[in-house]
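Enquirer: I would like to see how this sequence folds:
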Amino acid sequence: PRFLGPIFYNDQEDLLYEDAKRHGYAWTVLRPDAVIGLSFGSPMNMLTGVAVYAGVCRHLGVPLRFPGTLKAWSALHQATDASVIAGAVHWALESAAARGEVFNVTNGDHFRWQHLWPEIGAFFGMETAPPQPMSLAEHMADKGGVWDDIVARHRLRPEPMEHLAAWPFVDGWFSMEADMVQSTIKIRQAGFADCRDTHESFIGNLARLRELSIIP
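Expert: Numbers count the residues shown, from 1 in each chain. This next block holds a predicted model:
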């Protein structure tokens, strides 16, 4: 159910409902958590934000520290792999059970940064260290030139840092201190059962970014 807004998602849904009624088409609302996948210029991209942060830390010779809050370090989180939300869209287009319904869509599991963080460090060949809460929006503000040096050294695709990392969004997720748990029972009962291990989602998508020469 909706909570007291305002929130632009509600406005989008209301416009959709009105337009569907006017023109006679069906609709389905899919609500993912943070989507993990390849994108550029997105204001809500956790994957590339984490990758750029790790790349800068490695370049500067410092260990990979979790920059969020201590409560967020151990809280439950969830994500939605881009392939899972794509599958849900395809399913919703063809399934009568999806007509006029609202569904949560996540990977189907939960993770804690304290468990995932060592795997991210290992992917980048980095030592990890105890968390050190900080604002990446502040600490990365002057690191654009560092990223340009990384791009040149590793012959990466020439994407500026601001095309890859939206630091306020990254900071926001790293400061989520409550357990984030959305039930996906409704969409499973309706017939969509795709799922993905979130640890594999992060590491697999990071590997894809590396294959495409977007990150070192």
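
Enquirer: how many other residues sit next to the nearest residue to L212 once chain neighbours are set aside?
Expert: Nearest residue to L212, sequence neighbours excluded (Cβ to Cβ, 6 or more residues apart in numbering): R157, at 6.9 Å. C-beta here means a position set from N, CA and C on the backbone, and glycine is covered the same way. If you count neighbours by other Cβ atoms under 10 Å, R157 ends up with 13.

Enquirer: all further residue positions should be reported with the first residue as 16.
Expert: All right, first residue 16 from here; so that's R172.

Enquirer: would you map the helices across this structure?
Expert: Applying DSSP state H to the chain gives helices spanning 23-38, 61-75, 85-89, 97-109, 128-138, 151-154, 159-169, 176-179, 182-189, 200-205, 213-226.

Enquirer: pick the most buried one from those helices.
Expert: Each of the helices of the chain was scored by mean neighbour count; the highest is helix 61-75, a mean of 22, by mean count of other Cβ atoms under 10 Å.

Enquirer: and it, what's its mean pLDDT?
Expert: Mean pLDDT, computed over helix 61-75, is 96.

Enquirer: which residues does T95 bridge with?
Expert: Beta-bridge partners for T95, by DSSP bridges, are V50.

Enquirer: and the pLDDT at it?
Expert: Looking at T95, its pLDDT reads 97.

Enquirer: for E226, see how far away it is.
Expert: Note on T95: its distance to E226, by Cβ to Cβ, to the nearest Å, is 22 Å.

Enquirer: again, but for L179
Expert: 16 Å.

Enquirer: mind listing what G102 touches?
Expert: Listed by Cβ atoms under 8 Å, 6 or more residues apart in numbering, the contact set of G102 reads F207, D209.

Enquirer: and it, how far from G206?
Expert: Taken as Cβ to Cβ, the span from G102 to G206 is 12 Å.

Enquirer: also E177?
Expert: Per Cβ to Cβ, E177 is found 40 Å from G206.

Enquirer: next, count neighbours for the closest residue to H92 other than its chain neighbours.
Expert: Leaving aside its chain neighbours, H92 sits nearest to M195 (5.2 Å; criterion: Cβ to Cβ, 6+ apart). M195: 17 surrounding residues under other Cβ under 10 Å.

Enquirer: and the gap between A156 and V185?
Expert: 13 Å.

Enquirer: residue ranges in this protein under the pLDDT threshold?
Expert: Along the chain, no part satisfies pLDDT under 70.

Enquirer: repeat the analysis, applying 80 as the threshold.
Expert: Applying pLDDT under 80 to the chain flags residues 16, 20.

Enquirer: hmm, A41 is touching A35, no?
Expert: Yes - under the criterion of Cβ atoms under 8 Å, A41 makes contact with A35 at 6.9 Å.

Enquirer: one step back: got the contact list for the residue nearest to H92?
Expert: Counting by Cβ under 8 Å, 6+ apart, M195 touches D48, A90, L91, H92, Q93, H125.

Enquirer: go with 7 Å
Expert: Contacts for M195 (Cβ atoms under 7 Å, 6 or more residues apart in numbering) come out as D48, L91, H92, Q93.

Enquirer: V120 - how many residues pack around it?
Expert: Counted with other Cβ under 10 Å, residues neighbouring V120 total 25.
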